[in-house]
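Visitor: Give me the fold of what follows.
(one chain, ligands or ions: 1)
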Amino acid sequence: MDGPSGSGKSSASRGVAKALGLRYLDTGAMYRAMTWWMLEHGVDPADAGTVAARAAEPEISSGTDPDSPSIHVDGVDVAGPIRGDAVTGAVSAVAAVAEVRARLVAMQRQIIGDGDIVVEGRDIGTVVAPDATLKVYLTASAEARAARRNAEVAGSTVEAQQAALARRDRLDSTRKTDPLSMAAGAVELDTTALNLDEVIAEVLRLVKERT
Ligand code: C5P
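Guide: Next comes the predicted model:
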C-alpha cells in the first residue's frame, strides 16, 4: 500500500492485515527511526553526505504484529519520539539519501521474505515488492488528508497541517531516488469520501479478486 501522508494508509494496512491474519510492516516508521537516530547523534538531516556516511550505523528493528506495531533503534523503543515534530520535519530529507534507502529497502525485503504481509510506504509497489499480489495506491484530497492529520495532533490547525503535508509530498515525489509514484498495475483508491471500514472492505474485495 503506497500513497502520500494522510491518505489513510496506516489504519487501512493494519486493518487489512488483522482481517486476513497477515503480518504488517510500516516502512515509514523505519525512515523515521533512521531520522531519529541522526538527530540523536547530532547529524544535520540536510547534510546528505554525513547522513549517507552514517546510514549503516543504527540497529533498526521493526515488529510485524498489526495489533502492536513496534520499532526499536539500538534497543531503544522509539515508537513515541518518531511521531514528534522534529522527526516529522526532517524525515523527507533523510529518506531522500540513496544510502539510507538502499539499506532500508534491503531490510524491508528481508522482513517481507516469502510474503503473507501487508506493507505500507511510498515505494513498495515500485521498488520494494514490485511482484506483490496486490498493489494499492491510496489517495485523498489535500483537505481530507489535512483534516485527518489535524484530528490526530493536538494544538494544530487544518491550514498548518495542509502546508506541512504539501511540503512533505513535494519532497517525497520530487526526490531523485525512488520518488513517490503509482506503481504499474496498482489500483488507485481515493479515500476522500470513505470511512476506514469502507477502505478496508474495498481492499479486502481486491485481495479476494486476486487470490
Ligand atoms: O508514512 P510516514 O508518513 O510515516 O513516512 C514518513 C516519511 O518517510 C515520508 O514522508 C517519506 O519521506 C519517507 N518514506 C519513504 N519511503 C517509504 C516510506 C516512508 O521515503 N517507503
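
Visitor: Kindly format the C-alpha coordinates of the helix or strand of the chain with the lowest mean pLDDT as PDB.
Guide: Within the chain, no helix or strand scores below helix 142-152, which has a mean of 89 by mean pLDDT, DSSP states H and E. Provided in PDB are the C-alpha atoms of helix 142-152 (Å, rounded to 0.1, in the frame of the first residue of the first chain):
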ATOM      1  CA  ALA A 142      -5.500  17.700   0.300                       C
ATOM      2  CA  GLU A 143      -8.300  19.000   2.600                       C
ATOM      3  CA  ALA A 144      -9.300  15.500   3.700                       C
ATOM      4  CA  ARG A 145      -5.700  14.500   4.500                       C
ATOM      5  CA  ALA A 146      -5.000  17.700   6.400                       C
ATOM      6  CA  ALA A 147      -8.300  17.300   8.400                       C
ATOM      7  CA  ARG A 148      -7.300  13.700   9.300                       C
ATOM      8  CA  ARG A 149      -3.900  14.700  10.500                       C
ATOM      9  CA  ASN A 150      -5.300  17.600  12.400                       C
ATOM     10  CA  ALA A 151      -7.600  15.400  14.300                       C
ATOM     11  CA  GLU A 152      -4.500  13.300  15.400                       C
END
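
Visitor: mind showing which ranges of this structure have poor pLDDT?
Guide: Residue ranges of the chain with pLDDT under 70: none are present.

Visitor: who in this protein is up against the ligand?
Guide: Applying Cβ under 6 Å from any ligand atom, we find that the chain lies next to the ligand at 5, 27-28, 31-32, 91-92, 95, 121-123, 168, 172. C-beta here means a position set from N, CA and C on the backbone, and glycine is covered the same way.

Visitor: Just give me the closest of the residues you listed to residue 144.
Guide: residue 5 (12.0 Å; Cβ to Cβ).

Visitor: Helices along the chain, start to end?
Guide: 9-20, 27-40, 48-54, 85-95, 98-112, 142-152, 158-174, 196-210 (DSSP state H).

Visitor: These into JSON lines, with extra columns for mean neighbour count?
Guide: What follows is those, written out as JSON lines (neighbours: other Cβ atoms under 10 Å):
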{"stretch": "helix 9-20", "mean neighbour count": "20"}
{"stretch": "helix 27-40", "mean neighbour count": "23"}
{"stretch": "helix 48-54", "mean neighbour count": "16"}
{"stretch": "helix 85-95", "mean neighbour count": "19"}
{"stretch": "helix 98-112", "mean neighbour count": "17"}
{"stretch": "helix 142-152", "mean neighbour count": "17"}
{"stretch": "helix 158-174", "mean neighbour count": "15"}
{"stretch": "helix 196-210", "mean neighbour count": "15"}
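
Visitor: Tell me which of those lies nearest to residue 135.
Guide: Nearest to residue 135 among those is helix 196-210; the distance by Cβ to Cβ comes to 9.7 Å.
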